[in-house]
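Engineer: Requesting a structural model of the entry that follows:
(one chain, ligands or ions: 3)
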Amino acid sequence: MTDIDLDADDRTIVIHDEAGFAGMRAAGKLAAEVLDMLAPHVRPGVPTIELDRLAYEYVVSKGGVSATIFYRGYSHALCTSINHVICHGIPGPKPLQNGDILNIDVTVVLDGWHGDTSRMYLVGDVPLKARRLVDLTYEALMIGIEQAKPGNSVGDIGAAIQRHAEKHRLSVVRDFCGHGLGRRFHMAPNIVHAGRAGDGPELRPGMFFTIEPMLNLGRADAKILDDGWTAVTRDRSLSAQFEHSIGITEDGCEIFTLSPGGLHRPPYAG
Ligand code: MF3
Ligand code: CO
Ligand code: CO
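Structural biologist: Ligands and ions are numbered 1, 2, ... in the order given. Okay, the predicted model is just below:
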């Protein structure tokens, strides 16, 4: 049933049909194309507001809409989270600096379906410690996705991500979670990135949700800046995040937001 979520409340886990998969495939591809398109533009000296403008124009040119403009008072097409910013960084005029690590998170709506994805980008020459954080965070996302299959639970995803992070002495942010999505941007189920195997709802074919772990070099604690959006690490340690939108299938899952250009993780150019 694809339309039930129009009436369901946010706690209902919607089971989608083949038309839902088709809708999410198209929306997810457009979101991933935005991140591909931006890769060559991420350079020292470029202001993040310029990346936001490029993303907005690209989405509109493909017949999509930004899901984040007008979302709870947000007014940009991207979240741009630099260095110790965990997530929800607001694009602005400050130029990117050599050595920065940047997360770009984009959510588009295409034909009523939401595609939500984020990746890390390296600005110029990035120190090894930061590149290692970025690599381990990508691995954590993919290890979480391996657990996304029928019969497993939401907790299996979180437990696998947490195990990988802590094995490498990284912390997992608890204040933000993955989320169900489809015709709505944020809905059930809540996808924790740390937890106990077997906990939470069981995964069933037709469930759509994001997995979007945020890993820190230091402590997990977060705080929100006075702008009401920007989440930063309290200890100002570096933070990284990757996000995919997926759908549970009969024997595993489909990743809706895979990079069409093969730009899965940095470095994106040789
Ligand atoms: N794309 C983010 C997520 O992964 C949400 C951004 S909401 C915004 O769920 F308003 F900050 F853009
Ligand atoms: Co999301
Ligand atoms: Co997102």
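
Engineer: burial measure for Ala240, as a count.
Structural biologist: 28 (other CB atoms under 10 Å). Any C-beta I mention is one placed from the backbone N, CA and C, and that applies to glycine too.

Engineer: which parts of the stretch 51-200 of the chain sit against ligand 3?
Structural biologist: Neighbours of ligand 3 within the stretch 51-200 of the chain, by CB under 5 Å from the ion: Asp105, Asp116.

Engineer: Sketch out the helices for the stretch 51-200 of the chain, chain order is fine.
Structural biologist: Per DSSP state H, counting those that start in this stretch, the stretch 51-200 of the chain carries helices over the ranges 128-146, 154-167.

Engineer: Give me whichever of these is most buried.
Structural biologist: helix 154-167 (a mean of 22; mean count of other CB atoms under 10 Å).

Engineer: Which elements pack onto that helix?
Structural biologist: In this structure, helix 154-167 packs against helix 128-146, strand 171-172, strand 187-191, with contacts taken as 3 or more CB pairs under 8 Å, 6 or more residues apart in numbering; DSSP states H and E.

Engineer: Quick one, which of these gets closest to Val14.
Structural biologist: Closest to Val14 of the helices and strands packed on helix 154-167, according to CB to CB: strand 187-191, at 7.2 Å.

Engineer: what mean pLDDT would you report for that closest one?
Structural biologist: For strand 187-191, the mean pLDDT works out to 97.

Engineer: Which strands or helices does it pack on?
Structural biologist: Using 3+ CB pairs under 8 Å, 6+ apart: strand 187-191 touches helix 154-167, strand 178-180, strand 208-211.

Engineer: Adjacent strands (with direction) for it?
Structural biologist: Next to strand 187-191 in the sheet, as set by DSSP bridges, lie strand 178-180 (antiparallel).

Engineer: residues in contact with the partner strand?
Structural biologist: 13-14, 185-193, 207-212, 243 (CB atoms under 8 Å, 6 or more residues apart in numbering).

Engineer: ok so, going back, generate JSON lines for the helices and strands packed on strand 187-191, with mean pLDDT as supplementary columns.
Structural biologist: Conversion of the helices and strands packed on strand 187-191 to JSON lines gives the following (pLDDT from 0 to 100):
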{"stretch": "helix 154-167", "mean pLDDT": "98"}
{"stretch": "strand 178-180", "mean pLDDT": "98"}
{"stretch": "strand 208-211", "mean pLDDT": "98"}
